[in-house]
Every structure is written in structure tokens, then in C-alpha cells.
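Colleague: got a predicted model here, sequence first, then my questions.
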Amino acid sequence: MARAKTKTFQTETKQLLKLMIHSLYSNKEIFLRELVSNASDAIDKLRFKAVEDKTISKLNNDLKIDVKIFKEENKIIISDNGIGMTEEEIVQNIGTIARSGTSSFLENITGDKQKDSNLIGQFGVGFYSVFMVADRVQVLSKSVYEESDAAILWESSGEEKYKLEQSTKDLNGTDIIIYLNEDNHEFAEEGRVKFLLEKYSQYINFPLNLISESGETNRINDSEALWLKPKRSIKDEEYVEFYKFITFDQDDPLLWAHNKVEGKNEYTNLLYIPSKPPFDLWNRESPRGVKLYIQRVFIMDDASHFLPLYLRFVRGIIDTSDLPLNVSREILQEHQLVETIKKGATKRVLDSLINLKKDSFDKYKDFWNEYGLVLKEGTAEDFENKELISSLLLFSSTFSEKETPENTLDDYISRMVEGDDKIYYCVADTYQAAANSPHIEGLKSKGKEVLLLTDRIDEWLMTGLMEYKGKELVNVAKEEIDQEVDKKVSESDQDLLTKIKKHLGEKVSDVIVSSRLTDSASCLVVPKNEPGAQLRRILEASGQTMDASNPIFEINAKHKLLKKLKDLKGKQFNSFVDFLYDYAVIAEGGSPQDPAKYLRQLDKYLS
């Protein structure tokens with residue numbers, strides 16, 4: 001046997017290893033994922049070469065990866081029967097990090113983890129992650145083109161030097177022998193290694209076997225990567241079973257979307273909407289997102305960068321070959337491909353909901369009842385899909401007179417009279433309050449439809465939308481909902497308005513005769529550029545300081561209470577004006593400043 005050769009890494013190697021271990025990886029267990037992935041790549045290369053070179057095609061059988069545990073020796077061996085390496089290839093491939101460790105490399109280190117990770121050769125990064133857990137590593141490899149049993153043995157402690165020597169090996173492929181350090185005995189525990197292999201490598205393309213110290217073989221990856229199969233070959237039952245497997249949910253999913261994108265960027269996604277929302281749906285800081293795989297290798301749970309926050313209830317898998325295995329959450333924030341996948345996956349989910357609404361409206365209503373309030377967030381968060389999301393919104397309406405939301409904005413438009421250009425809506429705390437609001441009386445009397453909104457974010461939602469398909473969204477509780485109304489006021493009514501305004505003073509910005517009231521005596525109207533009561537509460541809850549509201553006080557001059565008011569004078573007039581003002585406050589869903597006084601007045605006027 002030839003004498004061993006000792007070579008010295010360049011002086012920067014320690015710095016490079018430190019950078020790689022502490023910057024590009026989140027935890028030590030990643031080394032197992034990286035080495036198994038490298039073994040899978042080596043087998044893939046053999047299969048590819050075997051197509052071109054018939055002399056090695058006979059070796060393209062029974063391809064596999066074995067992980068052997070030696071607990072007593074605190075050692076594990078990862079073996080593949082892939083393409084193998086010559087001495088030159090070992091130096092070139094495993095030495096990538098060393099060859100890159102020049103002064104010029106260090107000068108290019110930016111602190112940007114995405115850019116820095118791309119500077120380091122991927123194989124080098126993957127292989128050298130093993131030194132997070134090992135004192136010493138040996139690589140025994142035999143090239144598929146080597147006809148004898150000659151092999152090369154590489155050995156290093158991951159510091160300044162490595163050794164190369166001739167050795168022997170019966171079969172082509174590579175064995176990586178890992179001598180674990182004192183702090184990492186756990187990786188020689190069969191249960192721990194089995195868990196990690198199932199977590200990260202369950203869906204790799206070749207048989208992955210765990211071999212115990214006693215020699216017992218356990219196949220790890222019996223499961224097939226369902227998302228990589230053609231959609232035509234997958235039954236609905238398989239989709240449902242896979243959903244339950246990855247989510248531990250006992251209920252069937254509401255729907256799923258499965259597609260593969262090819263071209264400049266390639267990725268596959270299999271996305272599910274659960275029938276019931278997770279318990280922490282309203283905690284925007286909770287872990288969320290899909291499972292990320294890269295070339296069948298599991299990378300992370302809760303990969304939140306691939307879907308917007310308003311779709312945080314979606315579960316599933318995204319698999320791509322265009323991201324590096326050493327990707328971190330920080331890198332995901334800046335990687336251009338992530339934004340591309342996010343746009344595609346978001347559109348896929350929204351299109352699936354459009355189809356569900358069209359094909360099975362009852363089922364869509366089930367979705368809306370569970371997730372509608374979350375979906376509404378999307379109109380403000382996703383400008384690109386704003387109109388698409390708006391078309392998915394459901395509302396109660398004066399048209400159907402049902403409390404259950406089942407009307408879309410498109411439904412409203414389809415029922416509009418030619419020439420109408422406004423979509424009217426009323427915001428209140430309850431359906432009954434909205435349906436009986438004084439603000440919609442005039443519109444109802446003219447046969448105009450009004451959407452009835454009761455969710456806590458509805459005014460914020462509609463204020464942000466402003467319009468839909470060229471139709472202005474109009475809050476009926478704000479001034480000037482009907483520009484064409486005749487505003488001529490009689491002299492006696494004008495006198496009454498002046499006296500009311502003088503008494504109410506700064507409580508109101510104006511007092512006018514209403515064009516919207518038919519049954520009620522009075523109402524309060526918000527100036528056009530002021531937030532309504534619901535939006536005001538949201539803004540105040542978020543810590544914003546709001547100026548005092550000065551609503552417009554509208555009166556129904558034809559109402560019997562206003563006719564009574566005209567006959568009163570002095571204190572009686574002022575007291576009755578206060579009563580009518582509180583009457584309007586209550587109709588808004590508010591409370592009088594002095595409820596007891598209001599009740600005494602009510603008793604008095606009823607007696």
C-alpha cells in the first residue's frame with residue numbers, strides 16, 4: 001500500500017468552517033440530512049452516466065443508501081453505491097471549501113448570508129457540516145470507472161490538515177465514517193438517527209436503510225413523495241390520507257391544489273385548506289406556513305415566506321430544486337425565487353377558492369364561515385390580488401334579508417339598475433342593528449340594495465377597497481350619500497335647525513334636514529373624511545390618538561317627534577333636543593352620556 005500523503009489546508013480554512021457552521025446552519029442535526037443528500041446525488045450521477053456509458057450500466061441496479069450505527073464505538077457510517085470518486089475528485093469535491101478559502105474569498109464575504117452561502121461550493125458546505133458533531137471523519141471512495149478494488153481514503157479532523165492514502169473497497173461508491181465527539185453521543189443512538197432520517201430524508205429517490213449495531217436493517221423511506229406523482233395518477237383518497245399524515249388532522253381537508261411549475265424556475269406545490277381552522281388562527285405571530293422540501297429533502301416546517309399572512313391557514317408542501325440545501329429562514333427572506341413561488345402559490349389558492357365558490361357554493365359558505373374574516377385581511381395586504389380577493393367576499397344584504405352572508409359584490413352589481421354607480425353598505429355591531437339602521441331607510445324606500453356589515457374590521461375593509469369594478473363603495477352613515485337630493489329647506493324648518501344647532505353647540509358640526517330618514521326621527525352622520533364608529537375603535541385600540549368626533553345631526557322634519565319639538569320652548573325645547581340626540585346615539589349602537597336621564601325623559605314623553 002502506498003504511503004499516506006498529508007496535505008495542509010490553506011490558512012483560512014478554520015475561518016471558513018466557523019462561518020459555515022455558525023452562519024449557514026441552525027442546528028447540528030442538519031449534518032445527517034446533508035450527507036444523505038450528497039449520497040443521493042452520487043447515485044443520481046451514476047444513473048445519468050449509465051445512460052451514456054454502457055460499460056457501467058450493469059452497476060445501475062440495487063442502488064441504495066445505508067446508515068450504520070456503532071453505538072459502542074460512538075460512530076456512524078453513511079454508505080452509497082453511487083458514482084464514487086477518484087483521488088483527484090475527492091480533493092476537488094471535498095476540498096471545495098479549502099480551495100475556496102483564499103484571501104480573495106474572504107474579501108468577498110459580505111455578511112449577507114444568501115450571497116455568502118452561494119460563494120461556498122455546495123458539496124463542500126454539505127460535507128463539512130459533519131464537523132459540527134465529529135472529532136474525525138474518514139471518506140472511503142471507489143470510482144465506478146475503477147475496475148480493480150483500489151480505492152482512496154481521505155481523513156481529516158476539520159482543522160489544518162487532511163490525509164490521503166490508497167485503500168481497497170469491493171464495490172463502487174462512498175463510505176463516510178464519522179467518529180462523533182464527546183458532546184454528540186446522541187447521533188449514535190438508533191432512535192435518534194431513525195427520527196432524523198424520517199424527518200429529513202423520508203422521500204429521497206432511493207432506498208434508505210438504517211442498520212443497527214446488531215445488523216438489523218430497517219427501510220426508512222417506504223413512503224412515496226405524493227406531490228411528485230402526476231395528478232392524473234392520484235386518487236382523492238390518497239390526497240386525503242396524505243393530508244392527514246402531514247398535519248395530524250383527523251378531519252378531511254376542505255380542498256387541495258396540486259401543481260408543478262416548469263421553466264426558468266421549477267417547483268411543485270401541494271396545498272390544502274383544512275375543514276376547521278387551527279386553534280391559534282388569530283395569533284398572527286404563531287408558527288405557520290408550509291413544509292419546505294428541496295429535491296425531496298425536508299428543510300423546514302412552517303416555511304412562512306411562501307404564502308401571505310392572510311392565507312396562514314393553508315397547509316401543505318412546496319418542493320423545489322432551485323434553492324440551496326443550506327437555506328435558512330434569513331436567506332428565504334431575500335431569495336428571489338421565494339417571491340416567485342409565493343406569487344404562484346397564492347394565485348393557486350385563490351383560484352381554487354374561486355372554483356369552489358362557482359362549483360359548490362354551499363361548500364364555499366362553509367369555508368367563509370371558518371376563514372372569511374382572515375381572508376378579508378388580504379384586501380389590504382395583497383394589492384396585486386386585491387380585486388380577486390374582493391370577488392371572494394360574502395356579505396349579508398337587504399336583498400335576501402338573511403343574516404347569513406351569501407351575497408358577493410358581483411351579485412350586487414348584477415342586480416343594479418342601469419346607470420347606478422354606487423355600492424351602498426351599512427356597518428353595525430349586529431345584523432339586526434344594520435338591518436334596522438335609520439341610515440338605510442331612504443335607500444330601502446327607493447328599492448336600493450344595501451350590504452349589511454357586522455365584522456369588526458368591515459369598515460376598515462371597505463374604506464381600503466374604495467371601489468370594485470368601477471363602482472364606488474359608499475358608507476350610508478356618511479354625509480352626502482345622494483348628491484341628487486333636493487336640499488331646499490322651508491323657513492320654519494331653517495329656524496328649527498338654527499335653534500337645535502345653537503343648543504347642541506360643539507357636540508355636532510351641523511344640523512340638517514335628512515334625505516335618508518323615512519321612519520326614524522333623527523340620526524347622526526359622520527363627515528365624509530372622518531372614520532366611522534367601528535373604524536375609530538380599531539384605530540384607538542391600535543394606540544392612535546383620535547380627535548373628538550363632530551357628527552352631523554340629521555332630523556326627519558316630517559316625523560311626529562319633530563312636529564312636537566316645534567311646539568316647545570325654553571328648557572322643554574332643549575331637553576327634547578337632548579332626547580332626540582340620545583335617540584340617534586342609541587340608533588348608532590352607542591350609549592347616551594347619561595342613560596338615567598334618557599330613561600326619565602322617555603318615561604315622561606310616553607306618559
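Modeller: The structure has been received and is ready for your questions. None of the values given here were measured: they were computed from a predicted structure.

Colleague: just the local confidence number for P551, please.
Modeller: Note on P551: pLDDT of 89.

Colleague: before we move on, what about D302?
Modeller: pLDDT for D302: 81.

Colleague: now tell me what touches stretch 206-221 from outside.
Modeller: Here stretch 206-221 makes contact (CB atoms under 8 Å, 6 or more residues apart in numbering) with 36, 40, 43, 63-72, 190, 193-194, 197-198, 201-204. Heads up, the C-betas are built off the backbone N, CA and C, glycines and all.

Colleague: among those, name the buried ones.
Modeller: Buried members of the contacts of stretch 206-221, scored by 16 or more other CB atoms under 10 Å, are 36, 40, 43, 63-70, 190, 193-194, 197, 201-204.

Colleague: hang on, the earlier thing: inside strands: which ones of the contacts of stretch 206-221?
Modeller: I65, D66, V67, K68, I69, F70 (DSSP state E).

Colleague: the last one contacts I177, correct?
Modeller: Translated: F70. No - in this structure F70 lies outside contact range of I177 using CB atoms under 8 Å: 9.4 Å.

Colleague: which SS class is P592?
Modeller: Following DSSP: H, G, I helix; E, B strand; the rest coil, the label given to P592 is coil.

Colleague: residues near it, how many?
Modeller: Under the neighbour criterion other CB atoms under 10 Å, P592 is assigned a count of 18.

Colleague: show me what contacts the closest residue to T247 other than its chain neighbours?
Modeller: Leaving aside its sequence neighbours, T247 sits nearest to R315 (CB to CB, 6 or more residues apart in numbering; 5.2 Å). The contact partners of R315, by CB under 8 Å, 6+ apart, come to Y243, I246, T247, P253, L271, Y272, I273, P274, V290.

Colleague: how far away is R315 from I413?
Modeller: 34 Å (CB to CB, to the nearest Å).

Colleague: just to revisit the earlier point, distance-wise, check the residue nearest to T247 relative to A225.
Modeller: For R315, the distance to A225 (CB to CB) stands at 17 Å.

Colleague: all helices for the stretch 151-300 of the chain, in order.
Modeller: For the stretch 151-300 of the chain, applying DSSP state H, counting those that start in this stretch gives helices covering 190-201, 236-247.

Colleague: pull the residues that contact the last one.
Modeller: So that's helix 236-247. 226, 249-250, 252-253, 256, 258, 270, 272, 274, 291, 315-317.

Colleague: tell me which residues of it come out buried.
Modeller: Neighbour-count burial for helix 236-247 [16+ other CB under 10 Å]: Y239, F242, Y243, I246, T247.

Colleague: nearest to I76, of those?
Modeller: I246 (27.6 Å; CB to CB).

Colleague: just the pLDDT at the closest one, thanks.
Modeller: 87.

Colleague: one step back: would you turn the ones in strands among the contacts of stretch 206-221 into CSV with distance to S141 and pLDDT?
Modeller: CSV is the format used below for the ones in strands among the contacts of stretch 206-221 (distance: CB to CB, whole Å; pLDDT from 0 to 100):
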residue, distance to S141, pLDDT
I65, 14, 96
D66, 15, 97
V67, 17, 97
K68, 16, 97
I69, 21, 96
F70, 20, 96
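
Colleague: dump the residues you listed into CSV; add distance to T518 as well.
Modeller: Shown next, in CSV, are the ones in strands among the contacts of stretch 206-221 (distance: CB to CB, whole Å):
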residue, distance to T518
I65, 79
D66, 83
V67, 80
K68, 86
I69, 83
F70, 88
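
Colleague: so how far is K199 from K365?
Modeller: Counting by CB to CB, the gap from K365 to K199 is 38 Å.

Colleague: so between these two, which is more surrounded?
Modeller: Using other CB under 10 Å as the criterion, K365 and K199 rank with K365 on top: 16 against 13.

Colleague: state the mean pLDDT of the helix or strand that contains that one.
Modeller: Element membership for K365 (DSSP states H and E) is helix 361-375. Computed over helix 361-375, the mean pLDDT rounds to 95.

Colleague: residues contacting the nearest residue to L46 once chain neighbours are set aside?
Modeller: Closest residue to L46 apart from its sequence neighbours, by CB to CB, 6+ apart: I83 at 4.2 Å. I83 makes contact with A42, I43, K45, L46, K49, S143, V144, N172, G173 under the criterion CB under 8 Å, 6+ apart.

Colleague: mind checking how far I83 is from Y364?
Modeller: Noted for I83: a distance of 52 Å to Y364, by CB to CB.

Colleague: ranges for the strands of the stretch 351-500 of the chain?
Modeller: 395-397, 402-407, 422-427, 450-453, 467-468, 471-475 (DSSP state E, counting those that start in this stretch).

Colleague: partners of the fifth one, with directions?
Modeller: Yep, that's strand 467-468 we're talking about. strand 471-475 (antiparallel) (DSSP bridges).

Colleague: which residues touch the partner strand?
Modeller: Taking CB under 8 Å, 6+ apart as the rule, strand 471-475 contacts 409, 413, 416, 420-427, 459, 462-463, 465-467, 481, 526, 532.

Colleague: rounded mean pLDDT for it, please.
Modeller: On average, strand 471-475 scores 93.

Colleague: now stretch 167-183
Modeller: The average pLDDT for stretch 167-183 rounds to 94.

Colleague: that stretch: how far from the chain's middle?
Modeller: 42 Å (CA atoms, centre = their mean, to the nearest Å).

Colleague: give me the buried positions along that stretch.
Modeller: S167, K169, N172, G173, T174, D175, I176, I177, I178, Y179, L180, N181.

Colleague: what do you get for stretch 495-507?
Modeller: Applying 16+ other CB under 10 Å to stretch 495-507 flags L496, L497, K499, I500, K501, L504, K507 as buried.

Colleague: list just the nearest of those residues to N550.
Modeller: Taking these together and measuring to N550 by CB to CB, the closest member is K507, at 7.6 Å.

Colleague: wait, that closest one sits on A584?
Modeller: No - if you go by CB under 8 Å, K507 and A584 don't touch, sitting 10.8 Å apart.

Colleague: could you pull out the residues contacting both of these two?
Modeller: What both K507 and A584 touch, as defined by CB under 8 Å, 6+ apart, is the set F553.

Colleague: report pLDDT for Y25.
Modeller: 58.

Colleague: of the buried residues of stretch 167-183, closest to K264?
Modeller: Nearest to K264 among the buried residues of stretch 167-183, with distances taken as CB to CB, is T174, at 32.8 Å.

Colleague: give me the beta-bridge partners of the closest one?
Modeller: In this entry, T174 is beta-bridged to D80, S141, by DSSP bridges.

Colleague: show me the contacts for it.
Modeller: A39, A42, S79, D80, G82, G84, M85, V139, L140, S141, K142.

Colleague: what about stretch 72-84, start to end distance?
Modeller: Taking CA to CA, to the nearest Å, the first and last residues of stretch 72-84 lie 29 Å apart.

Colleague: revised request: answer the last question for stretch 429-441.
Modeller: OK, stretch 429-441 end separation, CA to CA: 18 Å.

Colleague: just the contacts of I83: which are in helices?
Modeller: A42, I43, K45, L46, K49 (DSSP state H).

Colleague: for ChimeraX, write the selection for the buried entries among the residues you listed.
Modeller: A single ChimeraX command selects the buried members of the ones in helices among the contacts of I83 (16+ other CB under 10 Å):
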select :42,43,46,49
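
Colleague: list just the nearest of the ones in helices among the contacts of I83 to L580.
Modeller: Nearest member of the ones in helices among the contacts of I83 to L580, counting by CB to CB, is I43, at 84.5 Å.

Colleague: contacts only, for the residue nearest to the closest one when sequence neighbours are not counted.
Modeller: Sequence neighbours aside, G82 is the residue nearest to I43 in space, at 3.9 Å (criterion: CB to CB, 6+ apart). By CB under 8 Å, 6+ apart, the contact list for G82 reads A39, D41, A42, I43, D44, K45, L46, L63, V144, N172, G173, T174.
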